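Peer 1: What would the 3D arrangement of this be:
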Amino acid sequence: MSFIGKWFGKEAPVTRQLTQPMDLRVGDMVTLDDSFALPPQLRGQQFRVEAINTYEYEHSQEPEFVLKGNSGDAVYMGLEQDDETWLAFSIKLHRSQVEALFDLDAFAEIFDEPGKATLRTLPLTDATEPYAQWLADEYHQVTFAQFGYFHRQDYRHGKPSQFMENNPGDAFEAYELLDGDESRAVDIEVYQDGDTDVLLTLYRPLSDIREYWPGE
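Peer 2: Here you go, the predicted model:
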């Protein structure tokens, strides 16, 4: 505190420290590495945290950070906890993009018991080339119809209500396929009203976030 601050009883404003993704808030910004290991949708990009959602499962809950950059397209960032923590970047696909990337007959097997489907990527075209670094040649299924709730609310410092009338979450079933080295995934969420989200996910080290910029 400066001498003048002490004299008039005022404290200098404290700058908020931000060094890890779990502490991000709406309005914060991040800058990603410019490495060619990242796809063009992420490489060297600066993103603002637009929203923080929560996935609630039986034994866990996971935050989802909705990021927006200059393109205006949303990138979804989660945190994958294993022996260490990884960033999980995801982008959503439209149905036409799913059709262009995967054989739909093989894709349908993901929803059949016992949930052991194998999925191969179709040859890339000019239209699908932008997804090249998001994709693996082949995936194997690791999750089948895992039940959960999606909340458009940040529950990092609390838990959703256990009473259904106070719980605004959207119920869904999750399906996941991983590639051989578990660095890429296809994630599918099927909601009770029939809406289905298909996402390509890329797992990356925390160091891919090069800079953090606290918001207001």
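
Peer 1: how long is stretch 101-109 end to end?
Peer 2: With CA to CA, to the nearest Å as the measure, the ends of stretch 101-109 fall 15 Å from one another.

Peer 1: Could you list the buried residues of that stretch?
Peer 2: Taking 16 or more other CB atoms under 10 Å as the neighbour-count basis, stretch 101-109 is seen to contain the buried residues 101-102, 107. Yep, even glycine has a C-beta here, placed from its N, CA and C like the rest.

Peer 1: Give me the subset of these that lies in helices.
Peer 2: With helices taken from DSSP state H, the overlap with these comprises 101, 107.

Peer 1: Going by distance to W213, which of the buried residues of stretch 101-109 wins?
Peer 2: When the buried residues of stretch 101-109 are compared for distance to W213 (CB to CB), L101 wins out at 33.8 Å.

Peer 1: contacting residues around that closest one?
Peer 2: For L101, the contacting residues are 93, 121-122, 128, 131, 135, by CB atoms under 8 Å, 6 or more residues apart in numbering.

Peer 1: Give me the local confidence score for it.
Peer 2: Model confidence at L101, expressed as pLDDT, equals 97.

Peer 1: what sits against the residue nearest the centre of the chain?
Peer 2: Among the residues of the chain, the smallest C-alpha distance to the mean C-alpha position (CA atoms, centre = their mean) belongs to M77, namely 3.1 Å. M77 makes contact with 21, 64-65, 67, 87-90, according to CB under 8 Å, 6+ apart.

Peer 1: pLDDT, secondary structure and distance to E173 for those residues - can I get that in TSV?
Peer 2: Converted to TSV, the contacts of M77 look like this (pLDDT from 0 to 100; DSSP: H, G, I helix; E, B strand; the rest coil; distance: CB to CB, whole Å):
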residue	pLDDT	secondary structure	distance to E173
P21	97	helix	27
E64	98	strand	17
F65	98	strand	23
L67	98	strand	25
L87	98	strand	25
A88	98	strand	19
F89	98	strand	23
S90	98	strand	17
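
Peer 1: Please consider this matter closed, and thank you.
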